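>>> I'd like to go over a predicted model; first the sequence, then the structure.
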Amino acid sequence: MDAILPARPSRESHAILESTKPSAVPSAWFQAFTQGPMQGLYTNMVAQVQAWMSNPENLMAVGGGALAVGAGLINAISSTMIILVLTLYFLASLDQIKGALVRFAPAYNRTGLASLVDEITDSVGAYVSGEVTLAVLNAAFTFILLSLLQMPFAPLMAFIALFVTLIPMIGSVLMWIIAGVFTLFTSWWAALIFAVVYFAYMQLEAYVITPRIMSKQVDVPGPLVLIGAMAGGLLLGLLGALVAVPVTASLLLILNRVTLPRQDAKLQPDL
């Protein structure tokens, strides 16, 4: 019978088991905070939190803010999908759209107008493809650099860089600030390395990569690019900032090809 019955645990094993159980006694620093000289501050904080939570208006404000953020996110996703779908439709029927626009002009002007429309679409297409190429390169560099620095949010920063760097002139600077701040919350030395290396990449992008990729685009002066991006951003947000430069390039091309030659041809005042 003694061989069948399990042996009773000894006092030593019982003490070990009791020591491994989680203790329900608060830690020393918590007891010092709640029962020591800071007891009045702790009681005041608990009372304020309870009063805030017991107010239905505060709870409704928190719920309304969360609902607003969710609605804004859904609207942004749906707007992006609509823009992508419309862009694909426009690209698929671009020739038909250009032909329909040309037919609004008189027959004797259709050849010149068709040439102007083709030049506008080619220059704008070259600009958009160049900007997308630069954004992809920037996103890839951001992902590689942050991955080498062992940052856990490297894919997220690369995704943000893909859209932020589409903003002309200031997109890379904004991405430099955004990613630098995020990296600073993780490690100050990693943030310093990122700031220096990414700044060097911005110089390389500005003086080497961009001139090679954007050589076929319409030459738009820098002040017009900045003014157009600011005006488009104020009117239509990020989408306005992205389309402002192609629209400015198109207007500048029409001005140089149509308006200014007509003014140069006027040698006599209109009667």
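All right, it came through fine.

>>> Which helix or strand contains the closest residue to residue 250 other than its chain neighbours?
In space, residue 250 comes closest to residue 120 once its chain neighbours are excluded; the distance is 5.0 Å by Cβ to Cβ, 6 or more residues apart in numbering. (Glycine included, C-beta is placed from N, CA and C.) Per DSSP states H and E: residue 120 is located in helix 110-148.

>>> Pull out the buried residues from that helix.
113-114, 116-117, 120, 123-124, 126-128, 130-131, 134-135, 137-139, 141-143, 145-146 (16 or more other Cβ atoms under 10 Å).

>>> And residue 151, its phi and psi?
Torsion angles at residue 151 (phi, psi; degrees, to the nearest 10) stand at phi -90, psi 130.

>>> Just the mean pLDDT for stretch 151-166, thanks.
The pLDDT scores in stretch 151-166 average 89.

>>> for stretch 131-147, same thing?
Taken as a whole, stretch 131-147 has a mean pLDDT of 92.

>>> Pull that stretch out as PDB, backbone CA atoms only.
Output in PDB follows, covering the C-alpha atoms of stretch 131-147 (Å, rounded to 0.1, in the frame of the first residue of the first chain):
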ATOM      1  CA  GLU A 131       7.500  61.500 -59.800                       C
ATOM      2  CA  VAL A 132       6.200  57.900 -59.200                       C
ATOM      3  CA  THR A 133       9.700  56.600 -60.000                       C
ATOM      4  CA  LEU A 134      11.300  59.000 -57.500                       C
ATOM      5  CA  ALA A 135       8.800  58.100 -54.900                       C
ATOM      6  CA  VAL A 136       9.400  54.300 -55.300                       C
ATOM      7  CA  LEU A 137      13.200  54.900 -55.100                       C
ATOM      8  CA  ASN A 138      12.700  57.000 -51.900                       C
ATOM      9  CA  ALA A 139      10.400  54.400 -50.300                       C
ATOM     10  CA  ALA A 140      12.900  51.600 -51.100                       C
ATOM     11  CA  PHE A 141      15.800  53.600 -49.600                       C
ATOM     12  CA  THR A 142      13.800  54.400 -46.500                       C
ATOM     13  CA  PHE A 143      12.900  50.800 -46.000                       C
ATOM     14  CA  ILE A 144      16.500  49.600 -46.500                       C
ATOM     15  CA  LEU A 145      17.900  52.300 -44.200                       C
ATOM     16  CA  LEU A 146      15.400  51.700 -41.400                       C
ATOM     17  CA  SER A 147      15.800  48.000 -41.700                       C
END
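
>>> Quick check: phi and psi on residue 187?
For residue 187, the backbone dihedrals (degrees, to the nearest 10) come out as phi -160, psi 130.

>>> Compute the number of surrounding residues for it.
14 (other Cβ atoms under 10 Å).

>>> For it, which non-adjacent residue is closest in space?
Across the structure, with Cβ to Cβ, 6+ apart as the measure, the residue nearest residue 187 apart from its sequence neighbours is residue 149 (7.7 Å).

>>> what's the neighbour count on residue 246?
Every residue meeting other Cβ under 10 Å relative to residue 246 is counted, giving 23.

>>> Let me see the contact set for it.
With contact taken as Cβ atoms under 8 Å, 6 or more residues apart in numbering, residue 246 is in contact with 124, 127, 128.

>>> hmm, 6 Å instead?
Applying Cβ atoms under 6 Å, 6 or more residues apart in numbering to residue 246 gives the contacts 124, 127.

>>> secondary structure element for residue 197?
Secondary structure assignment for residue 197, by DSSP H and E: helix 188-204.

>>> Now that helix: buried residues?
190, 191, 194, 195, 198, 201.

>>> Would you quantify the distance from the residue lying closest to the last one once chain neighbours are set aside to residue 124?
In space, and not counting its chain neighbours, residue 201 is closest to residue 141: 5.6 Å by Cβ to Cβ, 6+ apart. With distances defined as Cβ to Cβ, to the nearest Å, the gap from residue 141 to residue 124 amounts to 26 Å.

>>> now residue 206
Taken as Cβ to Cβ, the span from residue 206 to residue 124 is 22 Å.

>>> that older thread, after the helix holding residue 120 comes which helix or strand?
Tracing the chain C-terminally past helix 110-148 and defining elements by DSSP H and E, one meets helix 154-164 next.

>>> What helices and strands are in contact with that next one?
Packed against helix 154-164 by the contact rule (3 or more Cβ pairs under 6 Å, 6 or more residues apart in numbering; DSSP states H and E) you find helix 110-148, helix 171-186.
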